[in-house]
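Asker: Requesting a structural model of the entry that follows:
(2 chains)
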Amino acid sequence: MHAVALLVAGFGALGGSAAQAQGSGVGDKDYVWNEMRGEKLQALMAKGDAARGEIAFEVCAGCHKSGAVGRPDGTYPRLAGQHASVLIKQMVDIRAGRRKNPKMLPFASQHVLSPQDIADIAVYLEGLPVPAENGRGPGTALEAGRKLYVEDCQSCHGAAGEGDGARFYPRLSGQHYAYLLREGLAIREGERGNANPKMMKIIRPYSDADLKAALDYASRLSVDGR
Amino acid sequence: MNPAIPLIRRRPTEHAPLGGLLLAFSLALAPGLARAEAQQLAATVCAACHGPDGNSVAPTFPKLAGQFPAYLERQLADFKSGKRKSDIMTPIAASLGPEDMKGLATYFSAMKTSPGKVEDKDLAAAGEKLYTEGNPDSAVPACVSCHKEKGSGDKRYPRLAGQNQAYLIQQLMDLKSGVRTNDKMKLMQPVAGRLTEQEMKAAAEYLAGQ
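Answerer: Numbers count the residues shown, from 1 in each chain, chains lettered A, B, ... in the order given. Just a heads-up that it's a prediction; the model follows:
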């Protein structure tokens, strides 16, 4: 399928400033978090082939594990079942330097993956089953977490944490808590260079305890029916 | 001392250019003859270091037996072009044409890898853990993902099972230091760059026993 068809239907950030640099990110004046241009647009428009993606993912599985289940300790996120558009955004942003990820960069660079490869991998991963078991938080503040989630997170990430592929909003259900917390902290601190500024603003007043509670709740959302 | 050098000088010159053409014909038309030619070429050019059956005795020389033919062919081509550097292999590969390379690669790939020798079982066990799980603390991917179960490799990534420890360690060191740069898609340089010397030794010890 074409990931972009959904995106164009549901949204429309095609284009953007012509002067915009590939690498501009959070903090740069011309940063558009959901822009679709350059090789990101190429990958979004490409028709992904899951069979080819499975072969290309062979290298990635060295860290993200077979089936892209990730590691419960959060060192590597779960990618299985994530929206193709989200995966494309992350892969392209990492290799453009918007999202700093020196661990992954050499395996996702232009000499390794073409935009077509990125589309193939994204479609393969989106179609993988999401195992019910994942790394979860301490479970000590779930009611507080639920309230924060419903109030601040749900309108974008969905009541079931299902995200929204048409808007680059990631699925949270099934994701490992330790990874959600690491990235949540990075987004709050402005250290995730390709974050959504709207989300940064929403969680800026969050204490560590607030963030932990909301993400613990999110990590326990059911992956049934995905 | 490198016994391959005097041997290569004695090598008949009939292969190029007419001989190369004939060899190409023989490869295309008569596999048996091609194998005999490849065997003769292997005996003349390769056997002194890599063994007549592709199982080298000296631990610094790689075993070629059972390796995937596309990998062997590419290495020979890279030695010739200079993409892979070796004082020993560059002049040898320079004397080989594409048909010779294909013939030798096919010949050695059909041989059986001799079992390697594990000297240190604890080290091999540590190597198996690294091979199958990687090292998340230093972002070393699990080797098994590309090189497959027990180092068997596939048509995309080379076989490592049974390989000599000393050769494997040297390659990892060379990939880390930037001496070897012909790795596919430059994927192994960052991996080797994240390995400690102890991890290299452990992985090699495990793989030798596979």
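Asker: Identify the residue of chain A closest to chain B, quick one.
Answerer: A:G62 (2.7 Å; C-beta to the nearest C-beta). C-beta here means a position set from N, CA and C on the backbone, and glycine is covered the same way.
Asker: what's the neighbour count on that residue?
Answerer: Using other C-beta atoms under 10 Å in any protein chain shown, A:G62 has 24 neighbouring residues.
Asker: Let's see the pLDDT reported for it.
Answerer: Predicted confidence (pLDDT) at A:G62: the value is 98.
Asker: give the contact list for it.
Answerer: B:134, B:141-146 (C-beta atoms under 8 Å, 6 or more residues apart in numbering or on different chains).
Asker: Now cross-check those residues against chain A and list the overlap.
Answerer: Taking C-beta under 8 Å from any C-beta of the partner chain, the overlap between these and the neighbourhood of chain A is B:134, B:141-146.
Asker: circling back to that earlier point, of the contacts of A:G62, which is the nearest to chain A?
Answerer: The closest of the contacts of A:G62 to chain A turns out to be B:P141 (C-beta to the nearest C-beta; 2.7 Å).
Asker: Can you report phi and psi for the closest residue to that closest one other than its chain neighbours?
Answerer: Nearest non-adjacent residue to B:P141, counting by C-beta to C-beta, 6 or more residues apart in numbering or on different chains: A:G62, 2.7 Å away. The phi/psi pair for A:G62 (degrees, to the nearest 10) reads phi -60, psi -30.
Asker: does B:A42 really touch B:A105, like I thought?
Answerer: No. Using C-beta atoms under 8 Å, B:A42 is not in contact with B:A105; the gap is 10.4 Å.
Asker: Can you give me the distance of A:D152 to B:G82?
Answerer: Noted for A:D152: a distance of 59 Å to B:G82, by C-beta to C-beta, to the nearest Å.
Asker: One more: B:A48?
Answerer: For B:A48, the distance to B:G82 equals 23 Å [C-beta to C-beta].
Asker: These two: which has the busier surroundings?
Answerer: Shown here are B:A48 and B:G82; by other C-beta under 10 Å, B:A48 has more neighbours (19 against 12).
Asker: Okay, and the more buried one sits in which element?
Answerer: helix B:47-50 (DSSP states H and E).
Asker: returning to what we had before: how about a markdown table for the ones next to chain A among the contacts of A:G62, with neighbour count added?
Answerer: Formatted as a markdown table, the ones next to chain A among the contacts of A:G62 follow (neighbours: other C-beta atoms under 10 Å in any protein chain shown):
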| residue | neighbour count |
| --- | --- |
| B:G134 | 24 |
| B:P141 | 24 |
| B:A142 | 20 |
| B:C143 | 24 |
| B:V144 | 20 |
| B:S145 | 21 |
| B:C146 | 20 |
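Asker: so of those, which ones are in strands?
Answerer: Among the ones next to chain A among the contacts of A:G62, DSSP state E puts none in strands.
Asker: can I get those in TSV with pLDDT?
Answerer: Formatted as TSV, the ones next to chain A among the contacts of A:G62 follow (pLDDT from 0 to 100):
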residue	pLDDT
B:G134	98
B:P141	98
B:A142	98
B:C143	98
B:V144	98
B:S145	97
B:C146	97
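Asker: Show me the two of those that sit farthest apart.
Answerer: B:G134 and B:C146 (11.3 Å; C-beta to C-beta).
Asker: how about the residue lying closest to A:K100 once chain neighbours are set aside, secondary structure?
Answerer: Take A:K100 and drop its neighbours on the chain: the residue closest to it by C-beta to C-beta, 6+ apart is A:G193, 5.9 Å away. The local conformation at A:G193, judged by DSSP: H, G, I helix; E, B strand; the rest coil, is coil.
Asker: Thought A:Y76 was touching A:K65, still the case?
Answerer: Yes. Contact criterion C-beta under 8 Å: A:K65 and A:Y76 qualify, at 7.2 Å.
Asker: between the two, who's got more neighbours?
Answerer: A:Y76 (24 against 19).
Asker: and the gap between the more buried one and B:F68?
Answerer: Distance of A:Y76 to B:F68, computed by C-beta to C-beta: 29 Å.
Asker: Can you pull the residues of chain A lying near chain B?
Answerer: A:55, A:58-63, A:66, A:71, A:73, A:75-76, A:103, A:106-107, A:109, A:111-112.
Asker: Can you say which of those are buried?
Answerer: Buried members of the residues of chain A next to chain B, counted by 16 or more other C-beta atoms under 10 Å in any protein chain shown: A:59-63, A:71, A:75-76, A:103, A:106-107, A:112.
Asker: Now for those: which two are most distant?
Answerer: A:R71 and A:V112 (21.9 Å).
Asker: who's in contact with the residue nearest to A:K100?
Answerer: Here A:G193 is in contact with A:25-27, A:93, A:97-100 (C-beta under 8 Å, 6+ apart).
Asker: repeat that with 10 Å
Answerer: Applying C-beta atoms under 10 Å, 6 or more residues apart in numbering or on different chains to A:G193 gives the contacts A:23-28, A:31, A:33, A:93-94, A:96-101, A:186.
Asker: again, but for A:A160
Answerer: A:A160 touches A:154, A:171-173, A:221-226, counting by C-beta under 10 Å, 6+ apart.
Asker: Out of those residues, which sit inside helices?
Answerer: A:Q154 (DSSP state H).
Asker: Okay, now the unreliable bits of the chain?
Answerer: With no chain named, the answer covers chain A. Along chain A, the model assigns pLDDT under 70 to residues A:1-23, A:225-226.
Asker: Correction: the question concerned chain B.
Answerer: Along chain B, the parts satisfying pLDDT under 70 run over B:1-33.
Asker: what's the domain layout of it?
Answerer: B:4-109, B:121-208 (automatic domain parsing).
Asker: Tell me which of those domains sits nearest to A:E126.
Answerer: Closest of those to A:E126 is domain B:121-208, at 20.1 Å (criterion: C-beta to C-beta).
Asker: First-to-last residue distance for the closest one?
Answerer: The straight-line separation of the ends of domain B:121-208 (C-alpha to C-alpha, to the nearest Å) is 11 Å.
Asker: Same check on stretch B:47-59?
Answerer: 14 Å.
Asker: any idea how far that stretch is from the chain center?
Answerer: Its chain's average C-alpha position is 11 Å from that of stretch B:47-59, according to C-alpha atoms, centre = their mean, to the nearest Å.
Asker: So for that stretch, what gets flagged as buried?
Answerer: B:47-51, B:53-56, B:59.
Asker: try stretch B:195-203
Answerer: Per 16+ other C-beta under 10 Å, stretch B:195-203 contains these buried residues: B:195, B:199-203.
Asker: Next step: the residues you listed restricted to helices.
Answerer: Filtering the buried residues of stretch B:195-203 for helices - DSSP H - leaves B:199-203.
Asker: Would you reformat those residues as TSV and include distance to A:A178?
Answerer: Output for these, formatted as TSV (distance: C-beta to C-beta, whole Å):
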residue	distance to A:A178
B:E199	24
B:M200	29
B:K201	31
B:A202	27
B:A203	27
